[in-house]
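A.B. asks: Predicted model, plus sequence, below.
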Amino acid sequence: MSDDWRIPEGSNVTKAEARAMIAGPYGAEAARYTIDCCLPLGWFETSAQYVLINSGTATLVKPPSGRTFGITAAHVIRGYQADLRKYPALGARLGDADIGDLANRIIDVNDALDLATIDLNDGLLRRVSPAWGRVLVLELWPPKPPAEDRGIMLAGYPARMRWRPAAGQLMFVPWVVLSVARGVSDDQITWRFASEYLASTPLYPVPAEEAFQLGGISGGPVLRVGESPSGIVAYRLARIISEARPEYECVIARRADYVREDGSIMPAPPR
């Protein structure tokens, strides 16, 4: 929950009830859903024994067109391209699956919007090990911006929370937050958080020491929580995480609705 938590208009849920809900089975399932639709995207020097150079996060989508692709932050792809010029050979992985030549998978990059897309339409996601949990692609399209004072869910894979269980192996621990949207603007959302308002779920306890060390979550999803008049809850892609600012304890996310069904990205609007 965010530090300025307040009851959404029309709701009779108290702060204590909201915390209990997040810390219970509902929170666990919502967190699992958010994590399942994104994977760590990392690259490594193939001339060494799996020496990871850097990583970000990719959000998995499959619009009505039927094409499966990943959305990440433009600066994640630009970082990979810069490292291509430094190292003789780079490999890349999505989760624990070899992605091949990442450069050939790039569909589009928009630096002004900090959005990029990569092609995953070759069945790559079927090669992701079950050790990563379920692999879920988001099919509700187009993305819709979050509504202020309504639920959002964020996830990603911080570099600080990756670890090596054995030589040549690498594991990523996911970061996930269920909260309320604040500060929604035309081109981004800024979500501020404070450690005293974080609540653990049964499956995803809060790592207090690392809670605000979030480099690596760029490209992760921000999902909006919607509810029909009959009470059916649905989750839909709203934004893509662009930047975490630990000094301000906030996350900045860009509008995902600039991404078209084919993976191309609309031009940034004039300012």
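C.D. replies: Structure received. Just so it is clear, the structure is predicted and the values come from calculations on it, not from any experiment.

A.B. asks: what residues are up against the residue nearest the centre of the chain?
C.D. replies: Nearest to the mean C-alpha position of the chain, by C-alpha atoms, centre = their mean, lies Gly220 at 1.4 Å. By C-beta atoms under 8 Å, 6 or more residues apart in numbering, Gly220 lies in contact with 38, 57, 59, 154-157, 240-241. Just so you know, the C-beta spots here come from the backbone N, C-alpha and C atoms, and that holds for glycine as well.

A.B. asks: Quickly note the distance from Gly151 to Asn121.
C.D. replies: 31 Å (C-beta to C-beta, to the nearest Å).

A.B. asks: still on that earlier bit, what's the closest non-adjacent residue to the residue nearest to the centre of the chain?
C.D. replies: In space, Gly220 comes closest to Gly156 once its chain neighbours are excluded; the distance is 3.0 Å by C-beta to C-beta, 6 or more residues apart in numbering.

A.B. asks: what bridges to the one you found?
C.D. replies: In this entry, Gly156 is beta-bridged to Trp175, by DSSP bridges.

A.B. asks: if we can go back for a sec, look at Gly151 and Asn121 and report which has more neighbours.
C.D. replies: Neighbours were counted for Gly151 and for Asn121 using other C-beta atoms under 10 Å; Gly151 has more, 20 against 14.

A.B. asks: Can you get me a residue count around Glu261?
C.D. replies: Neighbour count of Glu261, defined by other C-beta under 10 Å: 15.

A.B. asks: Verify the contact between it and Pro63 for me.
C.D. replies: Yes - judged on C-beta atoms under 8 Å, Glu261 makes contact with Pro63 at a distance of 4.0 Å.

A.B. asks: which residues do those two both contact?
C.D. replies: Common neighbours of Glu261 and Pro63 (criterion: C-beta under 8 Å, 6+ apart): 141-142.
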